[in-house]
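In: would you be able to build a 3D model of this:
(one chain, ligands or ions: 1)
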Amino acid sequence: MALIDTYGRRINYLRLSVTDRCNLRCSYCMPEEGVEKLSHSQVLSYADLLRISAEAVAAGIEKIRVTGGEPLVRKGILTFLERLAALQGLKELVLTTNGLLLKEMAQGLRDAGVQRLNISLDSLKPETFARITRGGELSRVLDGIDAAEAAGFPPHKINVVVMQGVNDDEIIDFVELTMKRPYAVRFIEYMPTCGDADWRDLCVPGAEIRERIAKRYAIEEIRNSERSGPSKNFKLRVTASGIAKGCLFSGEGVDLRPVLETGDDALLRQEIGRIVEAKPGRHKVTDEGAETTPFAMSRVGG
Ligand code: SAM
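Out: Numbering: from 1, shown residues only. Sure thing, here's the model as predicted:
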C-alpha cells in the first residue's frame, strides 16, 4: 500500500513523538518559563503508539522517527523501540535525541533495533551550549555521541539550529568537525515556533549558511539516496497526545484518540489515510504576515 496525498506525494515517513518531557530547555524550542506539561493520562500509552505505528506501516509508512520532547526520558522506551523495530514492513527506525542519556543508553538502543541517531547539538563551546539549552552540560552529550559510535551506530546526523549572534560563529567549526569525525552535520534554519516577534533577527537563511561555508570550502552537492530523497520530506506527525498532523504548522491536527478508543484498527488506518489526503501543499509560516498559533516543539515533536 502507499499513502499518497492530493498533491501526488508519497508519504512514507512518520515522526512519532513519545513524550513532551525534556531534560533540556532549549531557548529556540520553548519559552523561558517552560510549557505546561501533558498529564500522564493525556500521553498515549506505548500500546496505542504501537497500534498507530502498525496501522501507519500497513498503510504505507516505511520509516519511523521517534522523537519528543526527549524520547530517552520516557520510562520503558527501549522495550517500546524493540517492539516498534519488529513491525513487519518497517524499513527504517531512527531516533532523535539531545544525547544527554546516550552514554548509558546507546548500546540498549542499538540492541533494540534503532538503526540511526539524529543528535541535536547546537554548540561546541560549553558556555554557549549551556546558554542555548539553559543549563545543559556539553561534555555529557559529547560522551554520549562517542558511546553511540562505540555501540556500532552508523555515522550520526548532528542537527544544529543556527541562530544569528548566538552560535552562527560556529558554522565553520561544525563543518570542520565532519572532517575529523564521521558525522553528517545538518544546519537547521531557526523557525518562529514560539511566536517570537524578532525571529527574523535570529534566523540565518540556508542560502546564507551555504555562502558562508563556500567562502572557506568548496561545496559540492550530493544526490540523495532513494529513501532520503524527495519522498522523505513528505511526512506525517503524531504527537505524544495522539494528535496527527500532516504539517508541523497545520494548527489543531486530528485527534486519533476517539478512533483508538473504538478499538477498530481498520478505522484507525482509514483515518491515517484521510489525514494524509488533507495534507497541505506547503507550510506558510515564514511568509510575510503569516499567522500561526505559537507552540513549543517539545509538545509537537521535533
Ligand atoms: N529532544 C530531542 C532532540 O533534542 O533532538 C528531540 C526533540 S527536539 C524538539 C528536536 C529538534 O527540533 C531540535 O533539535 C531542533 O532541531 C528542532 N527545533 C525545535 N525548535 C525549533 C525551532 N524553533 N527552529 C528550528 N528547529 C527547531
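In: off-centre distance for stretch 154-172?
Out: With Cα atoms, centre = their mean, to the nearest Å as the basis, stretch 154-172 stands 15 Å off its chain's centre.
In: name the residues of it that are buried.
Out: Within stretch 154-172, the residues that count as buried by 16 or more other Cβ atoms under 10 Å are 156-163, 166-168, 170-171. Bear in mind the C-beta positions are built from the backbone N, C-alpha and C, glycine included.
In: next: stretch 120-136.
Out: Neighbour-count burial for stretch 120-136, with 16+ other Cβ under 10 Å as criterion, is recorded at 120-124, 128-129, 131-133, 136.
In: list the contacts of D168.
Out: Residues near D168 by Cβ atoms under 8 Å, 6 or more residues apart in numbering: 162, 204.
In: what's the closest of the buried residues of stretch 154-172 to I11?
Out: Checking these against I11 with Cβ to Cβ, the nearest one is K157 at 20.9 Å.
In: what residue ranges in the stretch 51-200 of the chain score low on pLDDT?
Out: Of all residues in the stretch 51-200 of the chain, none has pLDDT under 70.
In: inside helices: which ones of the buried residues of stretch 120-136?
Out: Among those, the members found in helices (DSSP state H) are 128-129, 131-133.
In: so can I have CSV of those showing distance to the ligand?
Out: Below are these laid out as CSV (distance: Cβ to the nearest ligand atom, whole Å):
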residue, distance to the ligand
T128, 15
F129, 12
R131, 15
I132, 10
T133, 9
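In: this protein: helices as residue ranges?
Out: Listed in chain order, the helices of the chain (DSSP H) span 46-59, 77-85, 102-112, 126-133, 138-150, 171-180, 199-202, 206-214, 257-262, 265-277, 297-300.
In: the fourth one to helix 138-150, inter-axis angle?
Out: With axes from the mean of the first three to the mean of the last three Cα atoms, to 10 degrees as the criterion, the two stretches helix 126-133 and helix 138-150 enclose an angle of 90 degrees.
In: what does the third one give?
Out: For the pair helix 102-112 and helix 138-150, the angle between their directions (the same axes, to 10 degrees) equals 30 degrees.
In: one more: the longest one?
Out: Angle of helix 46-59 versus helix 138-150, following the same axes, to 10 degrees, is 50 degrees.
In: perfect, I'm done here.
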